[in-house]
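Peer 1: sequence-free structure coming up:
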C-alpha cells in the first residue's frame, strides 16, 4: 500500500500538476480513491510531534533524556540489577545538543536494537499488565526520529549483553514512510564500562535552561523517586552531579496479571470469547480473567441464563451482552496487586532526604485500590522547614512561599501541566488550615514545604500521550487525598507541638522571672525560713510548669 | 511480526504462567527480546482512546457525529457538490445509541469502503497540503472501533457512486491487532435517496445531553460555519431540526501546494535531497518547493558555497546543513494561499444570521498569513443585541451575560478546552472597553454578544489529537486579534452611534417639552404676534436640535 514516491520524511503532495489542473472540476469517487493511502505511524507522529512532548527545543531535550532514563531504569528493574545511570548533555552549536544516556542494565540483543531505537510502537510493555515507566513503545524511537528530522544525524547505540563478549555498536535511522529502522553503520565496541548495559547517543535541536521544567529538575526528582539508583550527570555548562545510592535493596519487582472482569467492555468481551480456545463459558471466565474462581464463573454463567456448556467462540453478541451485565452486577474480589509496587515509606523519606534537608518528614503509602479494573496505589512524602540551596532566597518570607509540589507517576517525575492533573486537584481540595498551614482560596498552601506524590499503576491514565498529567479519575483523586491528608495530619501534630514547645519555653522563662519575687513575698507574709521558701518555690514552679492552663 | 495469539481487542499478557513463574529471577536481554513485539496503531488508540476524543460516553457521541459530518462536508467540497447532510441519533438502551449520518457526496468506491471505515491512519488528506476538515485519516474508523469495543456492533456503510447503479452496502469491523478491516456482511442497497453519496451507521455507548458541548450545539455551529449546506437533524428526544441553505454558491475550493522552504527542517531537507530524482541542487529547490524561482534557487546554492551542479542525492549532511542555513537567511515570498479559503465576510454574516437574529452584525476576513511555513487565515464575525431562544433568560441582566465565543477551525466547530486555545487567549488580550463594552480583568467582555472566529490552514496546529484547541503560535494569535479588533471597532462605532441617537432623542423630547413655555415668555417680553412667535420657536428648535453642545 505504501507509495514508493513518498519515501521522504515530509508529507509531499503527490500529483502536484494534476491537482492544480483539476481546479475547475470536482473530484469523483474514482479520482478520490486514487489518493487514498496508508499513513505510517512515524509520518503521523513526525507531523504531530507535540503529542509526544517534542513541541519546542527545550521540551524536546527534556523528553529525550526522560525517555532514555525511563527505559534504563525499567530494564534494570526487569533484570533485578541495581541501576547505575550516566547522563551527559553537550552543546555542539547554538541550538544543537548531543545527549548520551548509559546504563548497566541487561543490554539488548543485537537483532532487537534497530527495532527498539528506530521503530515506533515496538516494545514489550504495551501488552503487559504490570507497572512500568514506559508504556507504549514510542518514546525512545520518537526521540531518535526528532533528532533525525531536526539535525539529520542518526542515533548511535551501544549494547552489551554479556561480560564474555564485547559490546555491539550501530548507527540507526528511521525510515519514516515505512516506520522501519535503517542501519547506517555497525560494528564492535570494546570500551563499554559495564559487564552488561546499553548506551544511546542522540543529536538533536534543543535548548538548555535551568529552573522549573528543566532537565536538571527532572534528574533531581528522578533521584528522589529512585533511591536505589546511582545517577551521574554532566550538564552542558560543565557541572558534574552525583546522586549516590541511598538504599541497596532492590525495589519491589512487579509481575504481570490477567485482566480483571470489571475493566472489560462488551465488545472486548465478545472478541475475547470469539478468540478463546476454551471449551465452555465458565472455563473461559476462570482462565482468562483474574479473581474469577470456577464456582464464581459457573454462578455468573447461570445468572446470565446461559448454558454451562456453551462454547465461548459460539456465543452470540446478545448472549455476551447478558454475561457482561451479570459480571458487572456480581461482587468480584479486587484485582491482585502484585503487578504494582510502592516505593515504600522508608525509601520515600530516603529519596526526599537526597535533595532536601528538612526539620520534619512525613510519609504515607496507601494500600492498592482499583479504577476501571486497573490496580493502582498512591504514596505521599512531605518535607517541612528545609534550608537547601535553590530555596534560600525564599527563606525570609516563609509565609509567601507556596508548597513545592513534585508529581511522580510510576517513578517518573511529571514536570509539565501541573494544574491540569489529578494530583494538583486533590492537593487543592484539601483544607490545609486543618494542619496549621496558611492557604489562600484556590492556591497551594504556604510554607517551606515540599510535597511529593507518587501514583503507581499498571496503566497510568495520562491526559495526553506526552505523559504530563494524570486524568481526573475520582477513585484516583480520592486515594491521593487520603495519602496527602495522612502526611498533613502528621505535619499538623508536629507544627502544633512545635508551637506548644515555643509556648512552654515562653512560660518557663516567665516563671523563672517572676517566681523569685513571689518567693520573697511569701517569705514575708508566712514568715518562712530560707529552706522552706526554696521548697515552696520549687513545688510552685513544678506545679505551674505542669499546668496546661497557665 | 504480529503475534497470532494476540488477535483480540484487549491487550492480554502473553505468557502468564511463565511471567509469574519468573518472579524471583531477573530477566536477561535474551528473555526480554522474546517479549518485544509490534503494537498495532489500533491497539494503541483503543487503549489511548481519550487522545482521540473518546474519553467518556458523552464526548464519544459528539466525536462520532463530528468525524462523520466532517468527512461528509469534505467529500462534497472535493466533488464540488452542494452538501445535504442528514443526521439521526436514536437511543436504543439506557447508554446505547445508534447514530446515522448520510450525505449526497460523491460516494466511496467499493474497494475503499472497508479501509476508510475500519482502518486507522488511512486516507487522502494527511499527505496533501491543502485545507480540509479531516487531517489524519483516523477519526471515522476510530469512531467505528469505539462502537465495536463498547457494544460489539459492527459499522454499517452504504455508498453509491453513480446514479446508474444501486448503492453498495456492507457491515464492517476492525481487526484491532492487525489494524485491518473485516467485512461481516455485504450486498446491494436499493433505497439510497441521492444519486450519489454515503451513509454510515454506528452503534455505540454514549450519553446525550443538551447545552454547551452537546451534539446539538455542534450542529448549530456547523450550520453557522457552512452556510452552503442543508443540515437536517433528528435528535434522540424526537425533535426535528432543519437548517436551510443560505447560499447556493460553492465555497472556495482549496488546491494543493508544494511545501514552502521556511517550514522544512535540516533532517527533512536532507531526506528530501537524498530521495530527489532531480539532477542538480537549483533544480531540486525550484521543483520541490513553492516560491523558489530558478534564479533564486541558483543564488541560494551559490550563497551556501555549493556547486550548481551538485546532485541533491549526493549532497552530504554538512552541505545540506549549510543550504538550510542560507535558505532561512534568504528572503522568500510567502507561500501561495490557493490552498486555503475563507468562508467570506458575506457568508459569515449569513451563517451567524442562521442561528441568531441580532441588532448589529460585523465581519472581517483577514488576508492569509504564514506560521512555520504553513499558510493560514483568520476570520471573525460578531452579532450584538440578539433575542433568540436559548438566551432569553439572560436578557434581563445584559451586563452580567458574557460574550459567547464560537471557535471554528477549517469550518469545524471546537467545543472543548476553550480556555486552552489561541482564540480564547487572543480575545482576552483585547481591551474591549475601547469598543464601548464592559469587561472584567481576565474575563470575556459582557453583553448580548456572539463572536465567531474561524482559523483556516493547510495544517491547523491543534494542542491534542482530539482537535479541541489551537496551539499558541504568536503569528496566529496576532492575526486573530487583528480580525476581532476590526469587528470590535465596527461594533464600537455602532454602540457609540446608538448612544448618540438615544441622547439625541432625549434632547428632542426636552426641546419639545420646554419650547412652548419659552415661546409664551418671549411673546410676553418682546410683544410678538402669534405667527412671529411660531417663527421664532421653529428657528430656535432648529438651532437647538442642530447644536452638538446642547
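Peer 2: Okay, I see it. All values derive from a computational prediction rather than experimental measurement.
Peer 1: quick one: the helices in the stretch 301-450 of chain A?
Peer 2: All helices of the stretch 301-450 of chain A, identified by DSSP state H, counting those that start in this stretch, fall at A:317-329, A:345-355, A:422-429.
Peer 1: can you put those helices in TSV and add mean neighbour count and mean pLDDT?
Peer 2: Where C-beta positions appear, they are placed from N, C-alpha and C, glycine not excepted. Formatted as TSV, the helices of the stretch 301-450 of chain A follow (neighbours: other Cβ atoms under 10 Å in any protein chain shown; pLDDT from 0 to 100):
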stretch	mean neighbour count	mean pLDDT
helix A:317-329	17	93
helix A:345-355	21	86
helix A:422-429	21	92
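Peer 1: need those in CSV with distance to residue A:93, can you?
Peer 2: Shown next, in CSV, are the helices of the stretch 301-450 of chain A (distance: least, Cβ to Cβ, whole Å):
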stretch, distance to residue A:93
helix A:317-329, 59
helix A:345-355, 32
helix A:422-429, 38
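Peer 1: how about stretch A:52-72: buried residues?
Peer 2: For stretch A:52-72, the neighbour count (16 or more other Cβ atoms under 10 Å in any protein chain shown) marks A:52-55, A:57, A:59-72 as buried.
Peer 1: pLDDT at the residue in the stretch 51-200 of chain A that chain B sits nearest to, what is it?
Peer 2: Chain B sits closest to residue A:80 of the stretch 51-200 of chain A, with a gap of 3.1 Å, by Cβ to the nearest Cβ. Per-residue pLDDT puts residue A:80 at 90.
Peer 1: does residue A:220 really touch residue A:355, like I thought?
Peer 2: Yes. Residue A:220 sits in contact with residue A:355 when judged by Cβ atoms under 8 Å, with a separation of 5.3 Å.
Peer 1: can you show me the strands along the stretch 51-200 of chain A?
Peer 2: A:84-93, A:96-103, A:122-123, A:155-160, A:167-175, A:180-189, A:197-205 (DSSP state E, counting those that start in this stretch).
Peer 1: so which of those strands is nearest residue B:531?
Peer 2: Nearest to residue B:531 among those is strand A:197-205 (90.5 Å), distances taken as Cβ to Cβ.
Peer 1: what would the strands of the stretch 51-200 of chain A look like in TSV with mean neighbour count, mean pLDDT and distance to residue B:169?
Peer 2: Shown next, in TSV, are the strands of the stretch 51-200 of chain A (neighbours: other Cβ atoms under 10 Å in any protein chain shown; pLDDT from 0 to 100; distance: least, Cβ to Cβ, whole Å):
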stretch	mean neighbour count	mean pLDDT	distance to residue B:169
strand A:84-93	18	96	58
strand A:96-103	22	96	54
strand A:122-123	26	76	38
strand A:155-160	24	96	49
strand A:167-175	22	94	39
strand A:180-189	14	93	37
strand A:197-205	25	96	50
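Peer 1: which residue, neighbours along the chain excluded, lies closest to residue A:457?
Peer 2: Nearest residue to residue A:457, sequence neighbours excluded (Cβ to Cβ, 6 or more residues apart in numbering or on different chains): residue A:376, at 3.6 Å.
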